[in-house]
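Asker: Predicted model, plus sequence, below.
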Amino acid sequence: MSGDKRQNRSEFTSALNTVQRLRFGAFEIDVDTQELRKHGHRLRVQKKPFQILQRLLATPGVLVTRSELARYLWPEAKPRTPEQTARWLRSVLASYEQLALGYLAVVRKQDGALIGRCGIMELVIETAAPAKGLRTGWFGDKDAPAGAVVTYECELGYTFDPAAWGKGYAAEAAGCVRDYARDVLRLSYVVSAIHPENTRSQRVAGRYGARSEGRMEAMGMVWERYVWPLLATGGSLRPPRPRSG
C-alpha cells in the first residue's frame, strides 16, 4: 500500500472513530457497539442510562438539568406527583374526546424519536383583573370556582426535550399548530402561558408576532400571557364543541 493510501485510510479511520466514539476523561462510549469503556475495559451499563449518557455527550454546551427544565413547568420546580400526573392525563384525554383539542406528539422524521409535544388546550381565565393581584387562569373549566366570570380561550403550548433545543423544532411545530388554529379552527387569537424566565419559548412565540400582554396565575405559578394574533375579523375565541354520537 502506498504512503498516500495509508495516510488517506488513517484519516478516514480517524474521522470515523470521531463520529462513533465519544470520550470524557478516562471513559469512552462506542456508539457503534453501544458500549461504555474505562481505560479500554468494558463496563456494564443498562440500555436506558447508556442512551441518556450518549445523548448528553452528543450535545455539549446545551446540557440542562432536570431542575432547570422543571422550573419552567411546575410550581416550586418540582415535577408532578403520581396523583397529579394521573389527573393531568385524565384531563388531556377528556380534552381530546370532548373538545377535539390537546397536545400532539412531536416526532423527529429522521429516526422516529419522540422529542416533544405541541398543541392547543382550553384555557379559562378571569375576565376582569381583581382589585389586587393578577388574573387567574385554569386549563379547563372544571377547576374554575363556581360563579366566576371567565373568558374561554385556547392556549398554544409546547415542551421539548432539552437535547432538541436550539434546532428549530419548537418553532416549526408551533408554527404548524398556529396555522391549524387560524385556518381550521378559525380562532381570532391564541395565548401561550410562558414562564417569565423562559426566553427560548418567548423567542419562539415572538417569531410569529406574539407579544406579552401582561401576566396571569395558573397552577400556582405566574406566567407571561403571550397573545398570538390570528384572524382580525370573523374569528372566535374557541372552536365549537364537537357533536356527540
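Answerer: Structure received.

Asker: buried sites along the lengthiest strand in the chain?
Answerer: Criterion DSSP state E: the longest strand present in the chain is strand 114-126. For strand 114-126, a neighbour-count test (16 or more other CB atoms under 10 Å) marks Ile115, Gly116, Arg117, Cys118, Gly119, Ile120, Met121, Glu122, Leu123, Val124, Ile125, Glu126 as buried. Yep, even glycine has a C-beta here, placed from its N, CA and C like the rest.

Asker: same thing with stretch 176-191?
Answerer: Along stretch 176-191, these residues count as buried under the neighbour rule (16+ other CB under 10 Å): Val177, Arg178, Ala181, Arg182, Leu185, Leu187, Ser188, Tyr189, Val190, Val191.

Asker: May I ask which two of these are separated the most?
Answerer: Pairwise distances across the buried residues of stretch 176-191 (CB to CB) peak at 15.8 Å, for the pair Val177 and Ser188.

Asker: Tell me which strands the longest strand of the chain pairs with, and in which orientation.
Answerer: Strand 114-126 pairs in its sheet with strand 102-107 (antiparallel), strand 135-138 (antiparallel), strand 150-160 (antiparallel), by DSSP bridges.

Asker: Tabulate these (TSV), appending mean neighbour count and distance to Glu213.
Answerer: Shown next, in TSV, are these (neighbours: other CB atoms under 10 Å; distance: least, CB to CB, whole Å):
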stretch	mean neighbour count	distance to Glu213
strand 102-107	16	23
strand 135-138	20	11
strand 150-160	20	12
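
Asker: Let's have those strands in a markdown table, adding mean pLDDT and distance to Arg238.
Answerer: Shown next, in a markdown table, are these (pLDDT from 0 to 100; distance: least, CB to CB, whole Å):
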| stretch | mean pLDDT | distance to Arg238 |
| --- | --- | --- |
| strand 102-107 | 90 | 14 |
| strand 135-138 | 93 | 14 |
| strand 150-160 | 93 | 5 |
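
Asker: Next, format the ones you listed as CSV and append distance to Val227.
Answerer: Listed next are those as CSV, based on distance: least, CB to CB, whole Å:
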stretch, distance to Val227
strand 102-107, 20
strand 135-138, 13
strand 150-160, 9
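
Asker: Lovely, talk soon.
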